[in-house]
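>>> can you look at this prediction? I've put the sequence above it.
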Amino acid sequence: MTKRTYTKGTMRVHWDADLCTHCGECIAGLPAVFNLNERPWVNLAGASAEEIRQQVGQCPSGALSVIAGGGA
């Protein structure tokens, strides 16, 4: 199915639709970054790299991940 990588500088966030359970943790935690009403729905400019890294780490399905080496 769909897999996307979103980039901001050296930070890369990967989303795998096959793993996503659409529980909404990402949207509730960082709505300025994760917004289903926008395209693309992931806007890494909406928060700091550390905030994004922390929120992605809370994804219960593992659909969101920070790709190794994805820094500031």
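Received it, and whenever you're ready, just let me know what you need.
>>> could you give me the buried positions within the longest helix along the chain?
Selection of the longest helix in the chain by residue count, based on DSSP state H, yields helix 49-56. Along helix 49-56, these residues count as buried under the neighbour rule (16 or more other CB atoms under 10 Å): 49, 52, 55, 56. Backbone N, C-alpha and C define where each C-beta goes, glycine included.
>>> of those, closest to residue 23?
Looking at those and their distance to residue 23, the nearest is residue 55, at 12.9 Å (CB to CB).
>>> how near is the closest one to residue 63?
Separation of residue 55 from residue 63 (CB to CB, to the nearest Å): 13 Å.
>>> and residue 48, by the same measure?
The gap separating residue 48 from residue 63 is 21 Å, by CB to CB.
>>> tell me which of the two has more neighbours.
Neighbours per residue, other CB atoms under 10 Å: of residue 48 and residue 63, the larger number sits with residue 63, 19 against 12.
>>> which residues touch the closest residue to residue 19 other than its chain neighbours?
Spatial nearest neighbour of residue 19, excluding adjacent residues (CB to CB, 6 or more residues apart in numbering): residue 63 at 3.9 Å. Residue 63 sits next to 15, 16, 17, 18, 19, 20, 21 when contact means CB atoms under 8 Å, 6 or more residues apart in numbering.
>>> re the thing from before, and of the buried residues of helix 49-56, the nearest to residue 3?
Taking CB to CB as the measure, residue 56 is the one of these closest to residue 3, at 14.9 Å.
>>> show me where this protein has its strands.
Across the chain, reading from the start of the chain, the strands by DSSP state E fall at 3-8, 11-16, 64-66.
>>> would you check that residue 25 makes contact with residue 58?
Yes. Counting by CB atoms under 8 Å, residue 25 touches residue 58, with 5.6 Å between them.
>>> so which of these two has more stuff around it?
residue 25 (17 against 12).
>>> and the pLDDT for that one?
For residue 25, the pLDDT comes out at 96.
>>> thinking again about what came up before, compare the strands of the chain and give me the one nearest residue 42.
Proximity to residue 42 (CB to CB) singles out strand 3-8 among these, at 4.3 Å.
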